[in-house]
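J.: What shape does this take:
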Amino acid sequence: MSDDTIVHFPRRAPPPVPAVAPNALEQIFAEIEAAVNAGLFYAALSITVSIPDICCTLEGKAPVNWETYKAWFRENVRRYQNFGADECWEMRCGVVHNARLMGGKDKRSDFDRILFTPPGSPFQLHDSVTEMHGERILYMAAVPFCHEIVADARAWAARNAANDAVLANLPNVVRLRPNGYGQHIVGAPVIG
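T.: All right, here's what the predicted structure looks like:
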């Protein structure tokens, strides 16, 4: 092929702009659920363990640190016997920053490893602990975990629907803006 050859690619119609949720937080929840339904578990888990960060920021507690993150978790996620605020914080640090389920320099969890099982796996444990080969392992089922944390965050959002700090910070949450953003882009979808 010479340098002056033009290569034409077939034009494809752009994908449709997805429906927009009633508020930015609900859009985040919908994207977690869509990732779970599509089998995109890294994406789903990454966003799910970011929920305490997001909610703390909405409450005006930014920058979020391990104390504010874990306090939010303890106040709003009360369903697990073994998976607690320390595990969620470590997982958040590991998944978001290092692409690992456990991470961070400052280990706080009592577990050596967290393993998530996807749907269809013959091995299904949820919030269960085993000790094997010198490791203490916490098993979680990926789909219930994401759905349960989202349900707890939705309950938090309902309780905080009239919170002045949340209302003031909600417009700044990253989301799809189907009609543009202010005077910068008008009439075209952007994420911002």
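J.: separation between residue 116 and residue 127?
T.: 11 Å (CB to CB, to the nearest Å). For the C-beta atoms, the positions are set from N, CA and C on the backbone; glycine is no exception.
J.: shared neighbours of these two, anything?
T.: When contacts are counted by CB atoms under 8 Å, 6 or more residues apart in numbering, the set common to residue 116 and residue 127 consists of 139-140.
J.: Settle it for me: which of these two has more neighbours?
T.: Taking neighbours as other CB atoms under 10 Å, residue 116 and residue 127 compare with residue 116 leading, 20 against 16.
J.: Helix, strand or coil: sort out that one for me.
T.: strand (DSSP: H, G, I helix; E, B strand; the rest coil).
J.: can you count the residues close to the closest residue to it other than its chain neighbours?
T.: Spatial nearest neighbour of residue 116, chain neighbours left out: residue 142 (4.3 Å); criterion: CB to CB, 6 or more residues apart in numbering. Other residues lying near residue 142 total 21 when counted by other CB under 10 Å.
J.: Restricting to C-alpha, output stretch 69-78 in CSV.
T.: Only the C-alpha atoms of stretch 69-78 are listed here, as CSV (Å, rounded to 0.1, in the frame of the first residue of the first chain):
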residue,chain,number,x,y,z
TYR,A,69,-14.9,5.7,54.5
LYS,A,70,-15.2,3.0,57.2
ALA,A,71,-17.5,5.1,59.3
TRP,A,72,-19.9,5.4,56.4
PHE,A,73,-19.7,1.6,55.7
ARG,A,74,-20.4,0.8,59.4
GLU,A,75,-23.4,3.1,59.5
ASN,A,76,-24.9,2.1,56.2
VAL,A,77,-23.9,-1.5,55.4
ARG,A,78,-24.8,-3.9,58.2
